[in-house]
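Chemist: just a sequence and a predicted model for now, questions to come.
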Amino acid sequence: MDEPVEFTDIYVDEAMVDRATEVLRSGRYVKGPMVERFEAAFAEFCGTDHAVGVASGTDAIYLALRAAGVDPGEDVFVPAHTFFATVSPVLELGANPVFVDHDPDTYTMDPRDLAEKVAAADDPAAVVPVHIYGHPADMDAIGDVAEAHDMAMIEDACQAHGATDGGDRAGSLGDAGAFSFYPSKNMTVAGDGGILTTDDPDLAREARMLRNHGRDDDGEHVRLGLNHRLGELHAALGLEQLQHVDDWNEKRRAAAQRYTDRLEDVEAVTTPDTRDDTEHVYHLYVIQAPDRDDLQDSLNDAGVETGIHYPVPTHEHPAVAERLDGSPQVPRTERLTERILSVPMHPRITDTEIDRVCAAIERHYDR
């Protein structure tokens, strides 16, 4: 059997080790200069006025919604096809998640379905489009719906570091953006971590208080907040990773193009599409196959590791379903989850490895 193709990869170089050593020698592990430097650098990277380092991407979504003023009982529109962490902050706030179907070409939130569901909602407050797999959602069309109904627009950019829409970076396209630095992401901090981006100084100020027990600059606890802080060590490593992410994204795009070219003649397989005037960063390369489970078994036998992101529509998870009244109408998402398969994708993947994956797919359909 061939050696397995690794599904993810993380770069750690000497500069990152030096950064970590610098923090350890400083004795400043929280609320220090590295977080401030990382926030400034990440805001510049995204083209926003503010960035607020937090403990995870989930925290970034939660704090963005809370700082934007979403209250219990209000409606927050989320994709049905996304990771659980897009929706759990909505429920944690006591708000009502309303599930929106996906665009069949890009897997991102369908603005038309959003418009219909917002028009039928009782109390629309916010929308959380997800740049799923690294492809930007249609923020212009979604933004038109949000503006027409006075809703906050919070980007879930947890898979989209460096992606662009119309030349503008993810994280700068809504009222706030949320990023994750979990180890499998396009850039990471060697552990959990996240960041919130925004041009709104009031939203940034509120988020900074809420991440630190609701404490203001005078040391008074003026909000009911918890500890959602990003540590100095994680910020130092993120600062170094940020120097490389554009290059890593370019390598991902090149790998994705090779996959697409190699699989073009495999009629059973649908390769991912990209909307005009966007830059996909391919956190994942996700194909569709009518016999997904059989294909996955064949690839596993060939030594190719794959994944399914995500096998269960978000509203069907028990922690969500038990809080909903009825079943959301998202037929495209329910079909999609039976067809999707993530094949190996990371910046170090070689042409030879991609060709081996594609050859295994071709052999499966030539049987």
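Modeler: That came in fine, so what should we check first?

Chemist: show me where this structure has its helices.
Modeler: Ranges of helices in the chain, per DSSP state H, are 14-26, 33-46, 57-67, 88-92, 111-119, 139-148, 201-211, 232-241, 245-262, 292-301, 318-321, 331-336, 351-366.

Chemist: in the longest one, what counts as buried?
Modeler: Think helix 245-262. By neighbour count with 16 or more other C-beta atoms under 10 Å, helix 245-262 contains the buried residues V245, W248, N249, R252, R253, A255, A256, R258, Y259, T260, R262. All C-beta atoms are positioned from the backbone trio N, CA, C, and that covers glycine.

Chemist: surely the first one meets K185?
Modeler: No. Under the contact definition of C-beta atoms under 8 Å, V245 does not touch K185, with a separation of 9.5 Å.

Chemist: which residues do these two both contact?
Modeler: H161 (C-beta atoms under 8 Å, 6 or more residues apart in numbering).

Chemist: check the helices of the chain for me and report the most buried one.
Modeler: helix 57-67 (a mean of 28; mean count of other C-beta atoms under 10 Å).

Chemist: what's it packed up against?
Modeler: Counting contacts by 3 or more C-beta pairs under 8 Å, 6 or more residues apart in numbering; DSSP states H and E, helix 57-67 packs against strand 50-54, helix 88-92, strand 152-156, strand 176-180, strand 194-198, helix 201-211.

Chemist: ok so, going back, okay, the helices of the chain in TSV with distance to A178 and mean pLDDT next?
Modeler: Shown next, in TSV, are these (distance: least, C-beta to C-beta, whole Å; pLDDT from 0 to 100):
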stretch	distance to A178	mean pLDDT
helix 14-26	24	92
helix 33-46	11	98
helix 57-67	3	98
helix 88-92	9	98
helix 111-119	18	98
helix 139-148	14	98
helix 201-211	10	98
helix 232-241	15	96
helix 245-262	17	98
helix 292-301	30	98
helix 318-321	19	96
helix 331-336	21	97
helix 351-366	31	98
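
Chemist: I'd like these as JSON lines, with distance to F99 appended.
Modeler: Supplementary listing: these in JSON lines, determined by distance: least, C-beta to C-beta, whole Å:
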{"stretch": "helix 14-26", "distance to F99": "39"}
{"stretch": "helix 33-46", "distance to F99": "28"}
{"stretch": "helix 57-67", "distance to F99": "16"}
{"stretch": "helix 88-92", "distance to F99": "11"}
{"stretch": "helix 111-119", "distance to F99": "8"}
{"stretch": "helix 139-148", "distance to F99": "15"}
{"stretch": "helix 201-211", "distance to F99": "25"}
{"stretch": "helix 232-241", "distance to F99": "32"}
{"stretch": "helix 245-262", "distance to F99": "28"}
{"stretch": "helix 292-301", "distance to F99": "22"}
{"stretch": "helix 318-321", "distance to F99": "9"}
{"stretch": "helix 331-336", "distance to F99": "8"}
{"stretch": "helix 351-366", "distance to F99": "32"}
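
Chemist: on that earlier part again, got CSV for the helices and strands packed on helix 57-67, with distance to I308 too?
Modeler: Below are the helices and strands packed on helix 57-67 laid out as CSV (distance: least, C-beta to C-beta, whole Å):
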stretch, distance to I308
strand 50-54, 28
helix 88-92, 20
strand 152-156, 19
strand 176-180, 19
strand 194-198, 24
helix 201-211, 33
